[in-house]
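Trainee: sequence below, structure please.
(4 chains)
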There are 2 protein chains.
Amino acid sequence: MKQPSSARAATPEPQRKSDITRQAILDSAARAFRLSGYSGARLSDIAAGAGMQAGSLYYHFDSREALVEALMDRGVEQTEAAVRAAIAALPAPASARDRLRAAIETHLLMIVQQEDIASATIKLIWQVPQPIRERALGRQRAYGALWRKLLADARDAGEIRSDLDLSVVRMSIMGALNWAADWYKPGKMTPEAIAADIVAMTLEGLRGPCKGEG
Amino acid sequence: MKQPSSARAATPEPQRKSDITRQAILDSAARAFRLSGYSGARLSDIAAGAGMQAGSLYYHFDSREALVEALMDRGVEQTEAAVRAAIAALPAPASARDRLRAAIETHLLMIVQQEDIASATIKLIWQVPQPIRERALGRQRAYGALWRKLLADARDAGEIRSDLDLSVVRMSIMGALNWAADWYKPGKMTPEAIAADIVAMTLEGLRGPCKGEG
DNA sequence: TTGATTTTCTAATTCAGATTAGATTATTTG
DNA sequence: CAAATAATCTAATCTGAATTAGAAAATCAA
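Mentor: As a prediction, this is how the structure comes out:
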């Protein structure tokens, strides 16, 4: 808690020593919460995973709730950043469809790959106390705006048949992707292969019944 | 607890007095767990919703865990029963596609309509203690077999392009449907309209890029 | 009505785990 | 090296909610 006296705002580089510990705690918390849920994960579990004692967590976070909120903050932030980066990295003439595809692939990879934090965040939203949930939903709404834009662009480009409600489309895609956090087990299929199938069934499903292929 | 001495097995009609209370408790529990999650819902909340005191619950259920397990039992059971009934009720020459459509519609309706129990069950799976989760997942696996069959039939009938992994397809559909429990708010769109959109995007997405329409 | 059985209530008890306080150790800085 | 600060540990304390026990009330059977 005793945050150092210097300015805090936008100083990402000078990593204080404790920032590393803080990160380790969040990593451990992500794993614990993903595996055990909000109620199942004990602070002592989380602390153990970060190589410390339960009481020591309070030097870094005011409370269990503050910890989980910080975790969810970072979870949404990281996912959105990754998706934006993937879209930005597309070669020059990227169609609405290309961008949507990139978003779907990247979101799924965030959910399914190493990172416990993205899937923990999703799972936690409906487990945490209401005030925390409210704020988390607010942040997710912001992330949702990105998807709304992607889908609106795709529809304007004629990639999505106009009789579908875009909210339903968006939520269905998010559902299909986020659900993977629950069933994915490494080994059988690669995340990339799964992403490819979801992209295929989603994108080609979004188009009208039949008009020739692009 | 003191279950009456008579046989228990397959006697659905002679409803003892306490069966009504038991049902009221499960209803209240479904609502409470859906709204507050496994940790958030207190036994006193559940009891209040059923018009009784927390301690009285123990006459009907051995423990909080027994209650939640009974709830999830019923949740899967009801959903599967509804889906099977909908399929059985289809007019005579029902194609694989028709049956899949019926399943999707019905599953969504179970999630989204009045019944808190279906959505509570889904939400609870990853919140409950491991032993309960294991058993619940087992029951869901059985329900999943029904879907596996539906999808295999559809693929055999040429309704699903053969390059897609059917497990991924199945899980994506379940994800899209189950996610609705989290975002659906009555008022804006009818459940039927939502179901129609999901059916449209799912089924037409499952077909190969283009071969004419059925 | 009366006794037996079922159901519910009230008022502890218990317990696990979050939180706190102060001592202790590490780390940095001059 | 020594003082100051940062980080962690240990050992309570606190809390809230599940659970239990036994007393009451309701229901039922005769």
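Trainee: how far away is residue A:109 from residue A:184?
Mentor: 11 Å (CB to CB, to the nearest Å). All C-beta spots, glycine's among them, are computed from the backbone N, C-alpha and C.
Trainee: so in chain A, where's the weakest helix or strand by average pLDDT?
Mentor: Least confident helix or strand, chain A: helix A:191-206 with a mean of 86, by mean pLDDT, DSSP states H and E.
Trainee: report all helices and strands that that helix contacts.
Mentor: Judged by 3 or more CB pairs under 8 Å, 6 or more residues apart in numbering or on different chains; DSSP states H and E, helix A:191-206 is in contact with helix A:96-112, helix A:166-183, helix B:166-183, helix B:191-206.
Trainee: starting at the chain centroid, how far to the shortest one?
Mentor: Which is helix B:191-206. Averaging C-alpha positions (CA atoms, centre = their mean, to the nearest Å) puts helix B:191-206 18 Å from its chain's average.
Trainee: for stretch A:88-102, same thing?
Mentor: For stretch A:88-102 - counting by CA atoms, centre = their mean - the centre lies 20 Å from the chain centre.
Trainee: any part of it near chain B?
Mentor: No: judged by CB under 8 Å from any CB of the partner chain, stretch A:88-102 makes no contact with chain B; its nearest approach is 13.1 Å.
Trainee: got the CA positions of that stretch in PDB?
Mentor: What follows is stretch A:88-102, C-alpha atoms only, in PDB (Å, rounded to 0.1, in the frame of the first residue of the first chain):
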ATOM      1  CA  ALA A  88      -3.100  -2.600 -36.700                       C
ATOM      2  CA  ALA A  89      -0.500  -5.200 -37.900                       C
ATOM      3  CA  LEU A  90      -2.500  -6.300 -40.800                       C
ATOM      4  CA  PRO A  91      -0.900  -5.600 -44.200                       C
ATOM      5  CA  ALA A  92      -2.000  -2.400 -45.900                       C
ATOM      6  CA  PRO A  93      -5.300  -3.000 -47.600                       C
ATOM      7  CA  ALA A  94      -7.100  -4.800 -44.900                       C
ATOM      8  CA  SER A  95     -10.800  -5.400 -45.600                       C
ATOM      9  CA  ALA A  96     -13.500  -5.200 -42.900                       C
ATOM     10  CA  ARG A  97     -13.500  -9.000 -43.200                       C
ATOM     11  CA  ASP A  98      -9.800  -9.300 -42.600                       C
ATOM     12  CA  ARG A  99     -10.000  -7.100 -39.600                       C
ATOM     13  CA  LEU A 100     -12.800  -9.100 -38.100                       C
ATOM     14  CA  ARG A 101     -11.000 -12.300 -38.800                       C
ATOM     15  CA  ALA A 102      -7.900 -10.900 -37.000                       C
END
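Trainee: if you count neighbours, what's buried in that stretch?
Mentor: A:96, A:97, A:99, A:100, A:101, A:102 (16 or more other CB atoms under 10 Å in any protein chain shown).
Trainee: close enough to count as contact, residue A:183 and residue B:170?
Mentor: No: using CB atoms under 8 Å, residue A:183 is not in contact with residue B:170; the gap is 9.3 Å.
Trainee: helix/strand/coil for the spatially closest residue to residue A:97 that is not a sequence neighbour?
Mentor: Distance criterion CB to CB, 6 or more residues apart in numbering or on different chains; nearest residue to residue A:97, sequence neighbours excluded, is residue A:159 at 4.9 Å. In the three-state summary, residue A:159 is assigned as coil, counting by DSSP: H, G, I helix; E, B strand; the rest coil.
Trainee: tell me how many other residues crowd residue A:159.
Mentor: 18 (other CB atoms under 10 Å in any protein chain shown).
Trainee: swap in residue A:186?
Mentor: 10.
Trainee: under a three-state scheme, what state does it occupy?
Mentor: coil.
Trainee: go on, residue A:92?
Mentor: Of the three states, residue A:92 takes coil according to three-state DSSP.
Trainee: turn the buried residues of stretch A:88-102 into JSON lines, including distance to DNA strand C.
Mentor: JSON lines is the format used below for the buried residues of stretch A:88-102 (distance: CB to the nearest atom of the strand, whole Å):
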{"residue": "A:96", "distance to DNA strand C": "46"}
{"residue": "A:97", "distance to DNA strand C": "46"}
{"residue": "A:99", "distance to DNA strand C": "42"}
{"residue": "A:100", "distance to DNA strand C": "40"}
{"residue": "A:101", "distance to DNA strand C": "41"}
{"residue": "A:102", "distance to DNA strand C": "39"}
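Trainee: now compare the residues you listed and name the two farthest from each other.
Mentor: The distance between the two most remote of the buried residues of stretch A:88-102 (CB to CB) is 10.9 Å, for A:96 and A:102.
Trainee: where in chain A is pLDDT low?
Mentor: A:1-16, A:205-214 (pLDDT under 70).
Trainee: let me know whether the helix ranked longest in it sits next to DNA strand C.
Mentor: When chain A is parsed with DSSP state H, its longest helix is helix A:130-156. No: against DNA strand C, helix A:130-156 shows no contacts by CB under 7 Å from any atom of the strand, the least distance being 11.9 Å.
Trainee: centre of the chain versus that helix, how much separation?
Mentor: Using CA atoms, centre = their mean, the offset of helix A:130-156 from its chain centre is 12 Å.
Trainee: could you do stretch A:121-137 as well?
Mentor: 13 Å.
Trainee: what does stretch A:61-76 give?
Mentor: That offset, for stretch A:61-76, works out to 14 Å (CA atoms, centre = their mean).
Trainee: show residues contacting that stretch.
Mentor: A:1, A:25-26, A:29-30, A:33, A:38, A:43, A:46, A:57, A:60, A:117-118, A:120-122, A:124-125, A:128-129, A:132, A:135-136, A:139-140, A:142-143 (CB atoms under 8 Å, 6 or more residues apart in numbering or on different chains).
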